[in-house]
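Engineer: compute the structure for the input listed below.
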Amino acid sequence: MRTLKNMDFEITLTRGRVRNFMKECRKQAATSKATRPSTTTPLFKELRIAHVGNTLANRLALFLRGKGCAWAEASGGCTFCGFWSATNMGTEVRGEDLIEQIRKSLSHLSDQEASAWELALYNDGSLLDPQEIKFESLIEIVKFAKGMHGFKRLVLECKISDITEEKISVLAELLGDRGLLLAVGFESSNPLVRDVCINKPFSDSAFQRALCILKKYHFDMTALIIVQPPFLTEDESYTEVIKTIQYLDDKRLQRIDLELTTVQPFTLVEQLWRRGLYSPPSKKLIEKVLAWIVQTETRTPVFISPVKYSPAVLEMPSSELNDQIAAVNTRNAYQISDRLMQIEKLVPQNPVQATRLLQRINEFLNLLEMSSLPLEKRNTGSKLKSFRTEDLCV
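Structural biologist: Presented below is the predicted three-dimensional model:
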């Protein structure tokens, strides 16, 4: 019989193995990159959709080239995330260089971009982590952006652990009557899945504390949930998604975003996929989740981020399935197919069993160790597309 002490030891051991694999993936990403691009040039900008209550508005998204996720540098980062390859991979990016990226991004805007209701800043990491960008530099960036654009709400991506009252109070004073929305990777309501499947451990109390700070200043949060993380079966993945939506639904979030896992270069997910140990979300799973969303009246709006926003997509959903994702996201009842309304809304009934999950992860990692591929053979015979910065996701 496993004791609590033994279980803690197994989790610690498994966590360490996952992180070692991810650290090696990050090293390979750095090795594959011959030169570092200019730190004064942003990745790209794009006009997207913002949801303002029950109405749609324009969101101008700016993707800045940053130092890179500090969590990825320290621990290998999330098992599915390939965005490290689009950053400066741990090399400092000066605050003035980031401001220059903002200046270039906002200097020549279309009428729609200039009048966008929402301005979103992303650095493929956490804009509130002082290891990635000094907070003083972030304040200067926001001041500069505020002077060049009349956005009504600012969106920043960050980690839950980086949200403090000291930072939020400063941003509140700076923004005045403009809103703030923080986009955070919540991933799963199951702490074990967050820890060993995703490599993003944080406590529920830390999440609740961050949420309370934002609400104190009348700011909002968007929580991202990953669909089909590595090591879970399809039934377990469906259960995790629905249980996580239900957990978040009473937290009074601005919205919940589902992110479909894709196979991205230099990640543990890619290594598993190459050996037949991982498959991206299937059409059946996506339709089951869509059916649950359209048949359930949640307090919090739930959306699925379009797969086109993800880098190195392995298998794009069919145009029909993409149309259904778009219809659900816009709540267009006329375009939602009868099929989604007829799919049985399954009650989650396949919860993750901790001992079984830990055993499965270690078995898969054993197989990876026995069949490791040299870097130069990574792309041989692969259908995996090369990384394109213009495909970065929200």
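Engineer: how many neighbours does residue 175 have?
Structural biologist: As a burial measure, the neighbour count of residue 175 was computed by other C-beta atoms under 10 Å and equals 17. For the C-beta atoms, the positions are set from N, CA and C on the backbone; glycine is no exception.
Engineer: ok, residue 161 next?
Structural biologist: Using other C-beta under 10 Å, residue 161 is surrounded by 19 other residues.
Engineer: renumber starting at 11 from here on
Structural biologist: With 11 as the first residue, the last one maps to residue 171.
Engineer: surely it is within a helix?
Structural biologist: Yes - counting by DSSP: H, G, I helix; E, B strand; the rest coil, residue 171 is located in a helix.
Engineer: help me confirm that it comes into contact with residue 216.
Structural biologist: Yes - taking contacts as C-beta atoms under 8 Å, residue 171 lies within contact range of residue 216: 6.2 Å.
Engineer: need the strands for this protein, in chain order.
Structural biologist: Shown for the chain, the strands assigned by DSSP state E span residues 54-62, 65-73, 128-132, 163-167, 189-197, 230-237, 265-270, 312-314.
Engineer: mind putting the ones you listed into JSON lines with distance to residue 114, mean pLDDT and mean neighbour count?
Structural biologist: Formatted as JSON lines, these follow (distance: least, C-beta to C-beta, whole Å; pLDDT from 0 to 100; neighbours: other C-beta atoms under 10 Å):
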{"stretch": "strand 54-62", "distance to residue 114": "9", "mean pLDDT": "88", "mean neighbour count": "16"}
{"stretch": "strand 65-73", "distance to residue 114": "10", "mean pLDDT": "92", "mean neighbour count": "19"}
{"stretch": "strand 128-132", "distance to residue 114": "14", "mean pLDDT": "97", "mean neighbour count": "23"}
{"stretch": "strand 163-167", "distance to residue 114": "19", "mean pLDDT": "97", "mean neighbour count": "22"}
{"stretch": "strand 189-197", "distance to residue 114": "23", "mean pLDDT": "97", "mean neighbour count": "22"}
{"stretch": "strand 230-237", "distance to residue 114": "26", "mean pLDDT": "96", "mean neighbour count": "23"}
{"stretch": "strand 265-270", "distance to residue 114": "28", "mean pLDDT": "94", "mean neighbour count": "21"}
{"stretch": "strand 312-314", "distance to residue 114": "30", "mean pLDDT": "92", "mean neighbour count": "21"}
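Engineer: distance to residue 101 added to those, as CSV?
Structural biologist: Compiled in CSV, the strands of the chain are given as follows (distance: least, C-beta to C-beta, whole Å):
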stretch, distance to residue 101
strand 54-62, 20
strand 65-73, 18
strand 128-132, 19
strand 163-167, 20
strand 189-197, 23
strand 230-237, 27
strand 265-270, 27
strand 312-314, 34
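Engineer: residue 24 is nearest to which of the ones you listed?
Structural biologist: Nearest to residue 24 among the strands of the chain is strand 189-197; the distance by C-beta to C-beta comes to 16.9 Å.
Engineer: could you dump the closest one to CSV, C-alpha only?
Structural biologist: Once side chains and other backbone atoms are set aside, the C-alpha atoms of strand 189-197 remain, and they are given as CSV (Å, rounded to 0.1, in the frame of the first residue of the first chain):
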residue,chain,number,x,y,z
GLY,A,189,-9.4,48.5,-17.5
LEU,A,190,-6.9,45.7,-17.1
LEU,A,191,-7.3,42.1,-18.0
LEU,A,192,-4.6,39.5,-17.0
ALA,A,193,-4.4,36.3,-19.1
VAL,A,194,-3.0,33.5,-17.0
GLY,A,195,-2.4,29.8,-17.7
PHE,A,196,-4.6,27.9,-15.2
GLU,A,197,-4.5,24.7,-17.3
